[in-house]
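1. how does the following fold in three dimensions:
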Amino acid sequence: MTYLKFFISIVFIFFAWANSFAGVAGSKHDMFFLGKGTDPNVCGYCHIPHNAAGVKIWSKWGNEARLSGSYTEIGNMCYTCHDGTATNIGQSTAFNTSLQQHKITSGQDCNMCHSVHDNINGMFMNVPVTQNFYCVSCHNATQNAGGLGDYTYAATSKGHHPSYFSSTTRRFRHSTGSPPTGASCSACHHERTQRASSYNSCGLCHEVHAGVNYSTASVSNPILRIDNTDSVFCASCHPIIVQSTSSGNKHPANLSSGGSWGKVDCMACHDSHQSNQDTVFILRDKNVDSAYCLTCHDTTSTANGPKIGNGHPVNVAFETTPVDPSKAPAGNAINDDGFYGVDYPANSANVICETCHSIHRKGVASPLLRIDNSGSALCLNCHQM
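-> Residues are numbered from 1 along each chain as shown. Reported below is the predicted structural model:
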């Protein structure tokens, strides 16, 4: 039995070696094949049987721990080639210590996502590099990594920021029309060589390697493509929604400079990944019949925003039909962007805050009125004399 176990162990080691060799041979990790060395022994460029370094029996290259930071021996071994001596790939991204990198599980390193011996998935990834498959392998309903919940590979799961490809028809993505967000070409085509698959993926906003050094109070390492201070990244795709000055007619009015209630940015009301809320427009709370508006604009306090006081009644039926319903729409008829139907399908047919106010799109006068009320035009649209 002892000899049998020994024989099985030898066979197992042989097959493991053979599979590893087959995975490396002819790939970009085959130094001899690429002409980076003269030794035909594929494994020998990283591993040696005696006097090795570490549990992976690293060759002497593995002792050249030239990479500073939190990397383990695996990262250091990778860096012996990805430092420009054998390849420049990763120098400006994965091994750039001035940029944010995807967080890694304790005790792991590059091998959390990459398999040096297997390039069947491309880029030596452990899982297929197609759309969001490699993200959803961790960011799913089971592991809930990063609090993203069940994030489908198509990036259309309810409760998450949709990708531009999945949420916008081709007619409005390209030259035959303008996108409903007002986004420029560079909002999606942020890299000249960017693959089309990344438009319909987490890669629309995130960089696994080479994220900008931006963090929030709740998320320390979001690996975003662009710094989102004062919602600048949001504005790059939503310029027609975001108000950049304190005197504008779009909510929030004090995005760049703090007002009486502090600085208000997009994330004060929206959460790109709010998987626990069944809300429209990735709002942090439901806004059925303006309920979310009232969390700041209540009737008694000025702690969070201008109080309403004894204001125009809401959640009441129209006394008469407005002369122009588009200028004073019922709650269940609001479609401010003109795309994808009504904005709040759960609303009633009553008068609500948004009947008179347009939060982001239609505001033409302070305070965010749908139409200028000079001569009581807005009032007379409903209250005919």
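2. and the residue nearest to V242 when sequence neighbours are not counted, how many residues sit next to it?
-> Leaving out its chain neighbours, the residue that sits closest to V242 by CB to CB, 6 or more residues apart in numbering is A235, at 4.1 Å. C-betas here are computed from N, CA, C, even on glycine. Here the number of neighbours of A235 (other CB atoms under 10 Å) works out to 22.
3. show me the contact partners of the helix or strand where A235 lies.
-> Element membership of A235, judged by DSSP states H and E, is helix 232-237. The contact list for helix 232-237, computed with CB atoms under 8 Å, 6 or more residues apart in numbering, reads 164, 181, 183-184, 186-187, 205, 224-228, 242, 244, 265-266.
4. where along the stretch 151-300 of the chain do the helices fall?
-> 164-167, 170-173, 185-188, 232-237 (DSSP state H, counting those that start in this stretch).
5. can you pull out the strands in the chain?
-> Assigned by DSSP state E, the chain shows strands spanning 100-101, 209-211.
6. still on that earlier bit, please report how far the residue nearest to V242 lies from V212.
-> Distance, A235 to V212, using CB to CB, to the nearest Å: 15 Å.
7. then Y79?
-> Separation of Y79 from V212 (CB to CB) stands at 22 Å.
8. circling back: pick the most buried one from the strands of the chain.
-> strand 100-101 (a mean of 20; mean count of other CB atoms under 10 Å).
9. tell me which other helices or strands it touches.
-> With contacts taken as 3 or more CB pairs under 8 Å, 6 or more residues apart in numbering; DSSP states H and E, strand 100-101 sits against strand 209-211.
10. what average pLDDT does the strand it packs on get?
-> For strand 209-211, mean pLDDT rounds to 91.
11. same question, stretch 233-242
-> On average, stretch 233-242 scores 85.
12. among the strands of the chain, which is nearest M125?
-> Closest to M125 of the strands of the chain, according to CB to CB: strand 209-211, at 12.7 Å.
13. quick one on the thing from earlier: where's the dip in pLDDT among the contacts of helix 232-237?
-> Out of the contacts of helix 232-237, that is Y164, at 50.
14. one step back: more neighbours, Y79 and V212?
-> Remark: of Y79 and V212, Y79 carries more neighbours, 22 against 18, as counted by other CB under 10 Å.
15. what's the closest of the contacts of helix 232-237 to T87?
-> The nearest member of the contacts of helix 232-237 to T87, counting by CB to CB, is R225 at 23.6 Å.
16. could you work out the end-to-end span of stretch 114-128 for me?
-> 11 Å (CA to CA, to the nearest Å).
17. residues of it that come out buried?
-> Of the residues in stretch 114-128, 114-119, 121, 124-125 count as buried by neighbour count, 16 or more other CB atoms under 10 Å.
18. ok, now stretch 233-248?
-> 233-238, 241-243, 248.
19. who's the closest spatial neighbour of D227, skipping the chain neighbours?
-> Y214 (4.4 Å).
20. local confidence estimate at that neighbour?
-> Reported pLDDT for Y214: 92.
21. neighbours of it, how many?
-> Residues near Y214, counting by other CB under 10 Å, number 18.
22. wait, it touches S231, no?
-> No: contact between Y214 and S231 fails when scored by CB atoms under 8 Å: they sit 11.6 Å apart.
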